[in-house]
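*Asks:* Quick one, structure for this:
(2 chains)
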Amino acid sequence: MGVGGEAPGFFTSRLSDSIAWARKWSLFPYPFVTACCGMEYMSVASAHYDLDRFGAAWPRFTPRQADMLLVVGTISHKMAPILRRVYEQMCDPKWVVAFGVCTCTGGFYDNYSTVQGIDRIIPVDCYIPGCPPRPETVLDAIMKLQSKIQKQRHGLTGMVESPLRDRSGTIA
Amino acid sequence: MNEAADHPIVARLKDSFGDRIVESHSHRGDTTAVVDAARYHDAVRFLRDDPQCSFDFLTDIAGVDRLKLKRKPRFEIVLHLYSRRHNVRFRLKTRPANDQDPVIDSIVDLYPAANWPEREIFDMFGVRFERHPNLQRILMYEEFVGHPLRKDYPVNKRQPRIKEREIPDDRPGMLF
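*Replies:* Residues are numbered from 1 along each chain as shown, chains lettered A, B, ... in the order given. This is a model prediction of the structure:
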């Protein structure tokens, strides 16, 4: 590891990789739990399936200390501004997981009250289908999110470059 | 379904309200009476206070939009009552006369438990309850327009509170 003598491009890509490695194994989830999927989330987080194996088990109940927003359950139009606000309160870098079919597409709540997929409000990194999803599906999603984080470009400051978000941090 | 004039509670109601009890029926032990909207509040008070009725527990209130049934009047309010003293259940229905602006007496003064169910019916069906202490929406947000459980509310109509994002069909796939 020649720090001074190597070409800068080589060095930054390795730095990005090691930051990504650190970040993907210390995801602090913010569980935005609104519905029955919450039971399945509790199951995943508990000892039997043990989300802590992936470094993602310690829920922070303030968005300012979390970097993974787990949206678990149906989101109504009445609640949409609150979810948006919680997302905007989170510090970068941050990732969003849509947990269950209601958050992904509205599910069978195709009616006046339900948002037809939370990606109409905030950008989503990973979708978990199922009503509710099996814990294995959730673990699979966490692993997919980890590999996604590993492939994103990270800097010491600033945010992750992601195709869903532009560099200024505004929601596309 | 049969006319339930011989049912003791329906008979008590008919003794007091005569032809203002416009309909009654009984089906497998579930008895229902329909009262004219003008005497609705009096009938509820009677069912609560009369010792032989003594319906002291308001189980629920429901609203019905009978638009697709092509019945007149269009809206119906259904009261589900229970008497702890006699262990009897009873339904009382009433139909606000005006289909454009349905109005009915509130029974919050008789049953405080009617407060939220009446607000819900106001929210969902637009039936106004006169002399309700706090008649405003309970489930939908303030800026919502219309009443979503009315049969003529468009089934695909959405009223988002914040601007929704454009979701391009050709967005990049996930980076696995």
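*Asks:* residues from chain A in reach of chain B?
*Replies:* A:77-78, A:80-81, A:84, A:111-113, A:115-117, A:119-123, A:125-126, A:144, A:147-148, A:151-152, A:163-164, A:171-172 (CB under 8 Å from any CB of the partner chain). In short, each C-beta sits where N, CA and C put it, glycine included.
*Asks:* Give me the subset of the residues you listed that lies in helices.
*Replies:* The helices, defined by DSSP state H, take in A:80-81, A:84, A:144, A:147-148, A:151 from the residues of chain A next to chain B.
*Asks:* Now pLDDT and neighbour count too, for these, in JSON lines please.
*Replies:* Listed next are these as JSON lines, based on pLDDT from 0 to 100; neighbours: other CB atoms under 10 Å in any protein chain shown:
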{"residue": "A:80", "pLDDT": "93", "neighbour count": "21"}
{"residue": "A:81", "pLDDT": "94", "neighbour count": "14"}
{"residue": "A:84", "pLDDT": "92", "neighbour count": "18"}
{"residue": "A:144", "pLDDT": "91", "neighbour count": "18"}
{"residue": "A:147", "pLDDT": "90", "neighbour count": "13"}
{"residue": "A:148", "pLDDT": "88", "neighbour count": "19"}
{"residue": "A:151", "pLDDT": "82", "neighbour count": "14"}
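*Asks:* Now do the contacts for residue 69.
*Replies:* Using chain A. A:29-30, A:32, A:63, A:86-87, A:90, A:94-97, A:122 (CB atoms under 8 Å, 6 or more residues apart in numbering or on different chains).
*Asks:* you looked at the wrong chain, it should be chain B
*Replies:* Residue B:69 makes no contacts at all, as judged by CB under 8 Å, 6+ apart.
*Asks:* try residue A:109
*Replies:* With the criterion set at CB under 8 Å, 6+ apart, residue A:109 makes contact with A:74, A:102.
*Asks:* Pretty sure residue B:12 sits against residue B:51.
*Replies:* No. Residue B:12 lies out of contact with residue B:51 (CB atoms under 8 Å); the separation is 10.1 Å.
*Asks:* can you give me the helices in chain B?
*Replies:* Using DSSP H, helices in chain B cover B:8-17, B:40-49, B:115-125.
*Asks:* Convert the longest one to CSV, retaining C-alpha atoms only.
*Replies:* Written as CSV, here are the backbone C-alpha positions of helix B:115-125 (Å, rounded to 0.1, in the frame of the first residue of the first chain):
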residue,chain,number,x,y,z
ASN,B,115,-69.2,10.5,19.2
TRP,B,116,-66.5,8.8,17.1
PRO,B,117,-68.8,6.5,15.0
GLU,B,118,-70.9,9.5,14.0
ARG,B,119,-67.8,11.4,13.0
GLU,B,120,-66.7,8.4,11.0
ILE,B,121,-70.0,8.2,9.2
PHE,B,122,-69.8,11.9,8.5
ASP,B,123,-66.2,11.4,7.1
MET,B,124,-67.0,8.4,5.0
PHE,B,125,-70.6,9.2,3.8
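*Asks:* elements contacting that helix?
*Replies:* strand B:57-65, strand B:128-130 (3 or more CB pairs under 8 Å, 6 or more residues apart in numbering or on different chains; DSSP states H and E).
*Asks:* do that again at 6 Å, thanks
*Replies:* strand B:57-65 (3 or more CB pairs under 6 Å, 6 or more residues apart in numbering or on different chains; DSSP states H and E).
*Asks:* Flag every buried residue along the strand it packs on.
*Replies:* By neighbour count on 16 or more other CB atoms under 10 Å in any protein chain shown, the buried set for strand B:57-65 is B:58, B:61, B:63-65.
*Asks:* Render the CA-only coordinates of that strand in CSV, please.
*Replies:* Extracted in CSV, the C-alpha atoms of strand B:57-65 (Å, rounded to 0.1, in the frame of the first residue of the first chain):
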residue,chain,number,x,y,z
PHE,B,57,-75.0,-0.3,25.5
LEU,B,58,-74.4,1.2,22.1
THR,B,59,-72.4,-1.5,20.2
ASP,B,60,-71.9,0.3,16.9
ILE,B,61,-73.3,2.7,14.4
ALA,B,62,-73.0,2.0,10.7
GLY,B,63,-73.8,4.0,7.6
VAL,B,64,-75.1,2.6,4.3
ASP,B,65,-75.1,4.1,0.9
